[in-house]
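Trainee: for reference, the sequence and a predicted model appear below.
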Amino acid sequence: MSLTSAHSVVAPSPTSKRVAGTIIVLYALISIVPLLWIFATSFKTPPDSIAYPPKILFQPSLEGYCNLFSTRTRQTPEYINSLGPATGVCDETVRKRNMVIAGPSNFMPRFVNSLIIAFGSTFCAVFLGTLSAYGFSRFKVPLADDLLFFILSTRMMPPIAVAIPIYLMYRELGLSDTALGMILLYTAVNVSLAVWLLKGFIDEIPREYEEAAMIDGYTRLQAFWRTVLPQATTGIAATAIFCLIFAWNEYAFAALLTSGTAQTAPPFIPTIIGEGGQDWPAVAAGTTIFLVPILVFTILLRKQLLRGITFGAVRK
Amino acid sequence: MSRATLGTGHSSDKFHCRDDQVTEAGLTMLNRTADSVARATPEPLARKVRGISDKGLAWLFISPTILLLLAINIFPLFWAIYLSFTNYRANRPNEVVRNVGLANYKRILGDQDIWIAMQTTAHFVFWTILLQTLIGFTLAWLIDRKFRGHAFWTTIILVPMMLSPAVVGNFWRFLYEPQIGLFAYAISFVTGIPATQIGMLSNVSLAPWSIVIVDTWMWTPYVMLICLAGLRSIPEYIYEAAEVDRASNWRQFWSITLPMALPFIMLAVLFRGIENFKMFDMVNLLTGGGPGSTTEVASITLKRQAFESWRTGYSSAFAIILFVAVFGLANIYVKALNKVKQR
């Protein structure tokens, strides 16, 4: 579609462009405020975070991050004075509140769980998805449409509905609260997205490449490995990022099926509490750390976003 | 055999020519029959080459996925169907399981609370979709003016939808706090109502709107992105022709822009509809269904029945009813969508 040009009779007028631009910028700024607020709150002290009216200007503090990564115990000022000099920023911050650091919090292990489960399930889903997508794209598979529809329909079930029997099944198999169980479950959820997206990407690679390779003496497998895979790299990478984002953000299964050793960050972050209620700076710090990877991926994915969120239904 | 004969009738040709016609590609996705032409017959040549036959390879490639889905999705589904006819309780695994026939289903359909939850879900789905479609389409329509910097601002607008609904929903609890929250402060700043009276999460009549607002904030960009693709798929020459015919801007909007973008809008509504019907994470962390049960959407009821009251049989029956409802409504909707597309 290269019909659009500067001389087009239907090009929007400068005024309408300016009005549209202003409205969009306003919307963008308002919609980003909650995120900026999360970021700002993570650098506030607990008293600053609950001040009224809400503080826009404040003295930045690392207390939220310190509280996020540590557990603390309250001590008498005499005891704290009897200790040697503070050993770091966090130690110093915490001592001002008459507390000492007792040990690391559960945040790191939960974050690591999120990483293991998200990357593990993404690898499995993309691996299985690439094979299936190639199969559906290149071979005559009996009942292919029914199978593809079946693969998609598994995604329509409400997560809680799936969680009831999975909970019982995992209890029987000893997979409750294990990383393996969560990886299997997320792989199953993501594989539908992977198959649909990758089928679209592989459909776009001309078959002639493989056929030429096969005439040159490659087997079908070698042709797949040496000609199709290299050309599908962008598609595979985009698909992987979408699977990663889903697994990273997932809450319902994680909240119902994990409680301790395999718990991921999303069900953990809301449980961070301080003295007398939720420790909002610590929650904000955890949320910030948790959201940053997604922000990076969103920017990387800009061009493939549309395709990813519609299961490959809309392409650009 | 030459390359030319090998290349005929292949799916790649089909997809190449429709790269720009996104509507076409978009609507085939749930259409079970449309793509059958795309899978060309395997070449006889392929069978002659060394290694596994194509048929074997196809199954080798596809079966792991199917097996995984059978194990993690379909087997549990059948288990849930079985459980829905029993009085099983997951917290009492040693009790004798009795077959109760259709009793669970009858009780659900006669249960006042379930109907209230369905109404809450309907309210949530209706208003979120209405607001997201109106705002999302308007934003897309404005962005399509291609003002300077539109790509950058579009990316900024897209950010909320990529974030974890649970983690963000949790943080909105803080923004909604009447005494300290930014949202309450902003509203009281604009309207003059004291911030302490704006208890979005504690007020029975405001709480249902609190979840609508967060969902709309998060997912309007999603609808916007799909609408934008729809607007960009409209060929320029149609507008040029309308301009020659001296059609007013208003007329052009109603006769060209809206009808041609309609399949995209409907696709966005389909995806959002399915997702919001299943809504759990954001609502669970924001309100937990409360106050009372004013924001108890179907998934929250299901969780309360299944994982708090441990009525496994009963909740399985409710899960099956929900699944059939989503599946049935989605199928009816896709039929309507295909009709619009063919027009």
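Mentor: Sure thing, it's come through. Numbers count the residues shown, from 1 in each chain, chains lettered A, B, ... in the order given.
Trainee: would you mind measuring from residue B:267 to chain A?
Mentor: Distance from residue B:267 to chain A, counting by C-beta to the nearest C-beta, to the nearest Å: 6 Å. No exception for glycine: its C-beta is placed from N, CA and C like everyone else's.
Trainee: please apply the same query to residue B:258.
Mentor: 16 Å.
Trainee: what is the neighbour count of that residue?
Mentor: Neighbours of residue B:258 under the rule other C-beta atoms under 10 Å in any protein chain shown: 14.
Trainee: next secondary structure after the host helix or strand of residue B:217?
Mentor: Residue B:217 belongs to helix B:207-232 when assigned by DSSP states H and E. Toward the C-terminal end, the helix or strand that comes next after helix B:207-232 (DSSP H and E) is helix B:236-244.
Trainee: show me what that next one packs onto, helices and strands only.
Mentor: Based on contacts counted as 3 or more C-beta pairs under 8 Å, 6 or more residues apart in numbering or on different chains; DSSP states H and E, the elements that helix B:236-244 packs against are helix B:249-252.
Trainee: buried residues in the helix it packs on?
Mentor: Within helix B:249-252, the residues that qualify as buried are residue B:252, counting by 16 or more other C-beta atoms under 10 Å in any protein chain shown.
Trainee: compute the inter-axis angle for the next helix or strand after that helix and helix B:207-232.
Mentor: Next along the chain after helix B:249-252, taking DSSP H and E as the criterion, comes helix B:258-277. Helix B:258-277 and helix B:207-232 are oriented at 140 degrees to each other (axes from the mean of the first three to the mean of the last three C-alpha atoms, to 10 degrees).
Trainee: can I get helix B:258-277 in PDB, CA atoms only?
Mentor: Presented in PDB, the C-alpha positions along helix B:258-277 are these (Å, rounded to 0.1, in the frame of the first residue of the first chain):
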ATOM      1  CA  LEU B 258     -16.500   2.400  10.200                       C
ATOM      2  CA  PRO B 259     -17.800  -0.400   8.000                       C
ATOM      3  CA  MET B 260     -14.300  -1.300   6.800                       C
ATOM      4  CA  ALA B 261     -12.900  -1.300  10.200                       C
ATOM      5  CA  LEU B 262     -15.800  -3.200  11.700                       C
ATOM      6  CA  PRO B 263     -14.400  -6.700  11.300                       C
ATOM      7  CA  PHE B 264     -11.300  -5.600  13.200                       C
ATOM      8  CA  ILE B 265     -13.400  -4.000  16.000                       C
ATOM      9  CA  MET B 266     -15.500  -7.200  16.200                       C
ATOM     10  CA  LEU B 267     -12.300  -9.300  16.500                       C
ATOM     11  CA  ALA B 268     -11.000  -7.100  19.300                       C
ATOM     12  CA  VAL B 269     -14.400  -7.400  21.000                       C
ATOM     13  CA  LEU B 270     -14.200 -11.200  20.700                       C
ATOM     14  CA  PHE B 271     -10.800 -11.400  22.300                       C
ATOM     15  CA  ARG B 272     -11.700  -9.000  25.100                       C
ATOM     16  CA  GLY B 273     -15.000 -10.700  25.600                       C
ATOM     17  CA  ILE B 274     -13.500 -14.100  26.200                       C
ATOM     18  CA  GLU B 275     -10.700 -12.700  28.400                       C
ATOM     19  CA  ASN B 276     -13.000 -10.700  30.600                       C
ATOM     20  CA  PHE B 277     -15.500 -13.400  30.900                       C
END
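Trainee: so how far is it from its chain's centroid?
Mentor: 9 Å (C-alpha atoms, centre = their mean, to the nearest Å).
Trainee: need the next SSE after that helix, C-terminal direction.
Mentor: With elements assigned by DSSP H and E, the helix or strand that comes after helix B:258-277 is helix B:281-286.
Trainee: helices or strands up against that next one?
Mentor: Helix B:281-286 packs on helix A:252-257, helix B:165-176, helix B:207-232, helix B:298-303, going by 3+ C-beta pairs under 8 Å, 6+ apart.
Trainee: does residue A:101 sit in a helix, a strand or a coil?
Mentor: strand (DSSP: H, G, I helix; E, B strand; the rest coil).
Trainee: now it, which residues is it bridged with?
Mentor: Beta-bridge pairing for residue A:101 (DSSP bridges): residue A:72.
Trainee: and it, how far from residue A:286?
Mentor: 17 Å (C-beta to C-beta, to the nearest Å).
Trainee: looking at those two, which is more packed in?
Mentor: Ranked by neighbour count (other C-beta under 10 Å), residue A:101 and residue A:286 place residue A:286 first, with 30 against 21.
Trainee: do the helix or strand hosting that one and chain B come into contact?
Mentor: Using DSSP H and E, the element containing residue A:286 is helix A:280-301. Yes - against chain B, helix A:280-301 shows contacts by C-beta under 8 Å from any C-beta of the partner chain at A:280, A:283, A:284, A:287, A:290, A:291, A:294, A:295, A:297, A:298, A:299.
Trainee: so, low pLDDT: which residues of the stretch 1-150 of chain A?
Mentor: A:1-10 (pLDDT under 70).
Trainee: most centrally placed residue in chain A?
Mentor: Nearest to the mean C-alpha position of chain A, counting by C-alpha atoms, centre = their mean, stands residue A:245 at 2.9 Å.
Trainee: any idea of the angle the helix or strand harbouring that one forms with helix A:280-301?
Mentor: Counting by DSSP H and E, the element that carries residue A:245 is helix A:233-249. Angle, helix A:233-249 to helix A:280-301, by the same axes, to 10 degrees: 160 degrees.
Trainee: which strands or helices does helix A:233-249 pack on?
Mentor: Helix A:233-249 packs on helix A:107-138, helix A:179-203, helix A:280-301, helix A:305-309, helix B:165-176, going by 3+ C-beta pairs under 8 Å, 6+ apart.
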